[in-house]
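> Generate a structure from the sequence data that follows.
(chains A and B)
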Amino acid sequence: DVKVTQSSRYLVKRTGEKVFLECVQDMDHENMFWYRQDPGLGLRLIYFSYDVKMKEKGDIPEGYSVSREKKERFSLILESASTNQTSMYLCASSLRQYNQPQHFGDGTRLSIL
Amino acid sequence: DQQVKQNSPSLSVQEGRISILNCDYTNSMFDYFLWYKKYPAEGPTFLISISSIKDKNEDGRFTVFLNKSAKHLSLHIVPSQPGDSAVYFCAASDSGAGSYQLTFGKGTKLSVIP
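Residues are numbered from 1 along each chain as shown, chains lettered A, B, ... in the order given. Model (predicted):
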């Protein structure tokens, strides 16, 4: 079974702080993704990576950056947290093959005060 | 521009009856479709998928139907159980674009009433 682990289930930070969200997968997947989920908006893609050191912007990258130094680990960084970044953040991974599902972690509920 | 649409935000069904969740898409290049189930405070769980070369895929109580001409897919759950109460997301991808990304709908909340 694929295991995608997000480092924190709940996190509370203050406006202006630099925030790190960590994600680790144990299935040797090449692809990794970061989404945020907000009520009524579904899942929106922030950034993704198809390989180590590689990153691509998704639909809503503003205010975020990512890091992929190792194949199994994909970090999301909020450079200067703002209240509108309060959300549920979801990490996913998949094989680098077409027609493959993405597998998700349990999410991090982030609150910015 | 929403490429994957789930027009019903919520659906209530009696236990034992059929649940039908619908999804429409606008991008004719989508060739792989998936359904995910999400409980509160958990990540989405992959449920079932279908490739555009098929029009039906079945897995136990779950069946997905694809109508390419109408750009419509549906998820049937028979019989519905209280544990099926969750938010269901439809997703699609376009392998021809060289992309592994999924485009998600906004979700339908299913409530199965005992």
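
> Which strand residues bridge A:L11?
A:L110 (DSSP bridges).

> er, B:T103 actually
On the basis of DSSP bridges, B:T103 is bridged to B:A92.

> Tally up the residues packed near it, please.
20 (other Cβ atoms under 10 Å in any protein chain shown). C-beta: built from backbone N, CA, C; applies to glycine.

> dump the residue contacts of it.
If a contact means Cβ atoms under 8 Å, 6 or more residues apart in numbering or on different chains, then B:T103 has B:Q3, B:V4, B:N27, B:F30, B:A91, B:A92, B:S93 as its contacts.

> following the helix or strand bottoming out on mean pLDDT in chain B, which helix or strand comes up?
Here the helix or strand of chain B ranked lowest by mean pLDDT, DSSP states H and E is strand B:103-104, holding a mean of 94. Sequence-wise, the next helix or strand downstream of strand B:103-104 (DSSP states H and E) is strand B:108-113.

> Can you lay out the contacts of B:T103 as TSV showing pLDDT and neighbour count?
Formatted as TSV, the contacts of B:T103 follow (pLDDT from 0 to 100; neighbours: other Cβ atoms under 10 Å in any protein chain shown):
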residue	pLDDT	neighbour count
B:Q3	92	15
B:V4	95	23
B:N27	94	15
B:F30	94	23
B:A91	96	25
B:A92	95	24
B:S93	94	24
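
> In those residues, find the pair that's most separated.
Greatest spacing in those, by Cβ to Cβ: B:N27 and B:A91 (12.2 Å).
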